[in-house]
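K.L.:
3D model of this:
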Amino acid sequence: MRAPSYNHHVTAFLLLLLLLPLFHGHGVGGDWSGDYSKLSGIIIPGLASTQLRAWSILDCPYSPLDFNPLDLVWLDTTKLLSAVNCWLKCMLLDPYNQTDHPECKSRPDSGLSAITELDPGYITGPLSSVWKEWVKWCIEFGIEANAIIAVPYDWRLSPSMLEERDLYFHKLKLTFETALKLRGGPSVVFAHSLGNHVFRYFLEWLKLEIAPKHYIQWLDEHIHAYFAVGAPLLGAIETVKGTLSGLTFGLPISEGTARLMVNSFASSLWMMPFSKYCRAENTYWKHFCGGNMDKRGHNMYHCDEREFQLNFSGWPTNIINIEIPSIRGFGAYPSATEIAEANLSSIECGLPTQLSFSAREISDGTFFKAIEDYDPDIKRILHQLKTLYHDDPVLNPLTPWDRPPLKNIFCIYGTDLKTEVGYYFAPSGKPYPDNWIITDVIYEIEGSLFSRSGNLVEGNPGASSGDETVPYHSLSWCKNWLGPKVNITRAPQSEHDGSDVQVELNVEHHHEEDILPNMTRLPRVKYITYYEDSESIPGKRTAVWEIDKANHRNIVRSPVLMRELWLQIWHDIHPDATSKFVTKAKRGPLRDEDCYWDYGKARCAWAEYCEYRYLFGDVHLGQSCRLKNSSANLLSHYL
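P.N.:
The predicted model follows:
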């Protein structure tokens, strides 16, 4: 994924900014009601968004900087720059059993400090800030420290290893139960990127820990709402690029070094793209009903007939197009000189062969088996894929996710950005790990597919494009969680008086078909489109928010998303609220920061809400524009 280590999860607990002791109300869309100041916030960060610290002593012979217990490993750029080989020892895992390097081990930090700032410092601090800005919000609005609970994890591990080594899911269950006892109410879960896969696995793991008749009861008591932001529900394409050529996460290391490091992590396969038509047998029911298993006791993997009748596993195009040499025996990829010197019977027989692979062929291992003879790293990938994913005792994560049985679910993601959906690979002539190069990239943008050179590519593009990192096809899978009737609202992201809000009520929605609103789009206007259940499951709510031009990394910093979460939760907790979802009509400023100076009218904009009020230290007119009333009073306008 593109620079996920710096995901700024500010948004989630704007929810908690509303949970002040003075605010009491009744839940909308669920049976739980009471004092919403009792809610807790559970943060599940994304890939590479948790600090890792050294848990051993490592002497670095060619650097004045050694690694001692509790020293930062991820991310300490000073040590990375001065002793990259030493740093790698503390990051690498054994590719087969996922144990630590013999000379150094690292473990995830705990608490809020593990996710606020990955690389503290005057220069690097702002670049690696994760939750720091959000913590400032919490302090400003008087949120209690024990209302905010971070659940960092070792993002290098596969789900089963998280539980086997760290008992992570046992600890997460206890976190929910402790939060309920401590504050007296359920929790709001906020997950970003890989954190959504972690939460999914937890829900499946929980089924095997709790008696079936108590499972739903436990969820209702402990989880009030789930906000899935930037969730790669059907996988992410860039993980393929990272596996074959390496992703540096913006660090000053070569792609080959990045490939060596990331491919030692079993988590590198967790977000591989997979087919929406293929599923594994339900592990949960096999414990009670026997289930269908093969002779070795593993769950069977089945694909719908559509997988074999249609192209691309439901994705816009084939994800991998790769050249492999027609002659074997050179170990890793041979150089062009070695091929030329080979005793070929004909020139044609010596030409490379180009093969194409769909999402299913990546997730089931077909692609990796096809190139096994040409890359020494593939045996490791096949081992991890089978042992840690296909044969996982709880869940095969490389299968589509149905709507979780939670009361309130909000799926939020960015759209309409240029996003990678396919690659062309070829031999580089260099030894492993630099033996592959990307010769071309396929992008989705504005409902079309283009190559890196600008040529139009045939395929099945979606109605929109993704968030610059995760394709639209994967992000929008949660639209399948909506009911048969959906209300669609499209509104400008910026403040507006409600005159340009478009609404379609009771739109027909068919499973596995995208919903395309018949609405106008003005040029240069960024919209937010809401898809909300009209006839939802009794006692449950589902909503999907598509935010124009919000990229994967920064969506959780979006002021628009902050505002909408604020309004939605205020609506939920207000005793007079009757509708399931907050109105999308008028949107004015809610914070002092939203007020600004209108130079054309020589006054503060939004005069109904804002006024000129100079305070010592203001350096420009816009800074002196402040709200006339408190945010709590303004929120009542939106009920």
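K.L.:
name the SS class of Pro273, please.
P.N.:
In the three-state summary, Pro273 is assigned as coil, counting by DSSP: H, G, I helix; E, B strand; the rest coil.
K.L.:
give the contact list for it.
P.N.:
The contact partners of Pro273, taken as CB atoms under 8 Å, 6 or more residues apart in numbering, are 234-237, 239-240, 313, 315, 319, 359, 362-363, 474. Yep, even glycine has a C-beta here, placed from its N, CA and C like the rest.
K.L.:
which of those residues fall in helices?
P.N.:
With helices taken from DSSP state H, the overlap with those comprises Thr239, Val240, Ala359, Ile362, Ser363, Ser474.
K.L.:
what's the neighbour count on the residue nearest to the last one when sequence neighbours are not counted?
P.N.:
Nearest residue to Ser474 in three dimensions, chain neighbours excluded: Leu234, at 4.1 Å (CB to CB, 6 or more residues apart in numbering). Other residues near Leu234 number 27, with proximity taken as other CB atoms under 10 Å.
K.L.:
go ahead and confirm Ile319 touches Asn311.
P.N.:
No: distance between Ile319 and Asn311: 11.8 Å, which falls outside the contact criterion (CB atoms under 8 Å).
K.L.:
okay, the two: which has more neighbours?
P.N.:
When Ile319 and Asn311 are compared for neighbours, Ile319 comes out ahead with 28 against 14, by other CB under 10 Å.
K.L.:
got the phi/psi numbers for the residue nearest to that one when sequence neighbours are not counted?
P.N.:
Nearest-residue entry for Ile319: Gly422, 5.3 Å, with adjacent residues in sequence omitted and distances by CB to CB, 6+ apart. Geometry field for Gly422 lists phi and psi as phi -170, psi 160, criterion degrees, to the nearest 10.
K.L.:
do me a favour and average the pLDDT over stretch 496-509.
P.N.:
Computed over stretch 496-509, the mean pLDDT rounds to 93.
K.L.:
typo on my end, stretch 191-208
P.N.:
Rounded mean pLDDT across stretch 191-208 is 95.
K.L.:
doesn't Trp205 belong to a strand?
P.N.:
No: counting by three-state DSSP, Trp205 is located in no strand; its state is helix.
K.L.:
how much space between it and Leu388?
P.N.:
For Trp205, the distance to Leu388 under the criterion CB to CB, to the nearest Å works out to 14 Å.
K.L.:
so these two - more neighbours on which side?
P.N.:
Between Trp205 and Leu388, counted using other CB under 10 Å, the more crowded position is Trp205 (23 against 20).
K.L.:
roughly how far apart are that one and Leu172?
P.N.:
Trp205 sits 9 Å away from Leu172, taking CB to CB as the criterion.
K.L.:
what does Val262 give?
P.N.:
Distance, Val262 to Leu172, using CB to CB: 25 Å.
K.L.:
next: Ala48.
P.N.:
Here the distance between Ala48 and Leu172 works out to 19 Å (CB to CB).
K.L.:
the strands in the stretch 351-500 of the chain, which residues?
P.N.:
353-357, 408-415, 419-427, 436-445, 448-451, 485-492 (DSSP state E, counting those that start in this stretch).
K.L.:
kindly report the same for the stretch 501-639 of the chain.
P.N.:
Residue ranges of the strands in the stretch 501-639 of the chain, as given by DSSP E, counting those that start in this stretch, are 502-508, 527-533, 541-548, 597-598, 603-604, 610-612, 625-627.
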